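Engineer: just a sequence and a predicted model for now, questions to come.
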2 protein chains.
Amino acid sequence: MPERSTKPYLVRAIHEWCADCGYTPYLSVKVDEHTRVPMEYVKNGEIVLNLSYDATHKLTIDNDGVRFAARFGGVSRECSVPVGAITGIFARENGQGLFFEPESAPAVPAEPKAQPGGDPQPTPPPRPRLQVVK
Amino acid sequence: MPERSTKPYLVRAIHEWCADCGYTPYLSVKVDEHTRVPMEYVKNGEIVLNLSYDATHKLTIDNDGVRFAARFGGVSRECSVPVGAITGIFARENGQGLFFEPESAPAVPAEPKAQPGGDPQPTPPPRPRLQVVK
């Protein structure tokens, strides 16, 4: 079984915490060719997305990434962010949450790709680590 | 609504990640008068508990803390760890997980106490913070 990243589990945890507290979950994203976001709102290669249930439609946060539809400037847009592009999730109201070091290459592409005859792309195993959360 | 700690959400996240990966979730605990654990296994004021579904019975990880029964030396014991006493949760197999700075006083007592005429003990709001997870 390939090593799984803890990141999507932690993203779901903070998203759930925000929902329970009535906070607005903001997702910060390092934009690259694998992310699907409204490019006109990207600044310095980054975008911050409102992941609240009020602001999104068909929100899913699974082990591959985050997908949802949301209105930008009155127009509904489909968004897709692979786990590797997520740099943080936090509450708009107080900034509390988790921030992740950017990954050099996303482990999972934003959209499934046909790979005829090929094996699925393996996820590089994350390094074992110790982590202090203050 | 009182400010809630993100800690129990993160503990559940790492516990779920361990279960999905087939890892053994270990909970490290700073023992004090609010924790209910087998004292003969406490070393230097700390204990590490196996939180796997195989090793525990009636495991619950809620926003107040962790409760379960487990066998120690062949004898079933009830354990209760308030959220404030949790110092980490990690996979036995590779040490990956999250570690928390010890709190000076647990926010929630290990066992419900009768408080006739009194208000429930308020939870001190955690400080807003930024956090980098490598």
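Structural biologist: All right, it came through fine.

Engineer: model confidence for the residue positioned nearest the centre of chain A, exactly?
Structural biologist: The centre of chain A sits closest to residue A:86, judged by C-alpha atoms, centre = their mean, with a distance of 4.1 Å. Among the per-residue scores, residue A:86 shows a pLDDT of 97.

Engineer: now do the buried residues in stretch A:75-94.
Structural biologist: Burial within stretch A:75-94, assessed by neighbour count using 16 or more other C-beta atoms under 10 Å in any protein chain shown, is assigned to A:79-91. Just so you know, the C-beta spots here come from the backbone N, C-alpha and C atoms, and that holds for glycine as well.

Engineer: could those go into TSV alongside distance to chain B and secondary structure?
Structural biologist: Conversion of the buried residues of stretch A:75-94 to TSV gives the following (distance: C-beta to the nearest C-beta, whole Å; DSSP: H, G, I helix; E, B strand; the rest coil):
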residue	distance to chain B	secondary structure
A:79	22	strand
A:80	22	strand
A:81	17	strand
A:82	17	strand
A:83	12	helix
A:84	13	helix
A:85	15	helix
A:86	11	strand
A:87	9	strand
A:88	8	strand
A:89	10	strand
A:90	8	strand
A:91	8	strand
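
Engineer: quick revisit: what's near enough to touch the residue nearest to the centre of chain A?
Structural biologist: Taking C-beta atoms under 8 Å, 6 or more residues apart in numbering or on different chains as the criterion, residue A:86 is in contact with A:7, A:11, A:27, A:28, A:29, A:65, A:66, A:100.

Engineer: residue A:6 now?
Structural biologist: Neighbouring residues of residue A:6 by C-beta under 8 Å, 6+ apart: A:126, B:13, B:14, B:17, B:96, B:97, B:98.

Engineer: repeat the analysis, applying 7 Å as the threshold.
Structural biologist: For residue A:6, the contact set (C-beta atoms under 7 Å, 6 or more residues apart in numbering or on different chains) comprises B:14, B:17, B:96.

Engineer: surely residue A:13 and residue B:11 touch.
Structural biologist: No - Residue A:13 lies out of contact with residue B:11 (C-beta atoms under 7 Å); the separation is 8.6 Å.

Engineer: out of the buried residues of stretch A:75-94, who's nearest residue B:41?
Structural biologist: Each of the buried residues of stretch A:75-94 was checked against residue B:41 using C-beta to C-beta; the closest is residue A:89, at 36.2 Å.

Engineer: I figured the closest one hits residue A:98, correct?
Structural biologist: Yes - applying C-beta under 7 Å, one finds residue A:89 in contact with residue A:98, separated by 6.1 Å.
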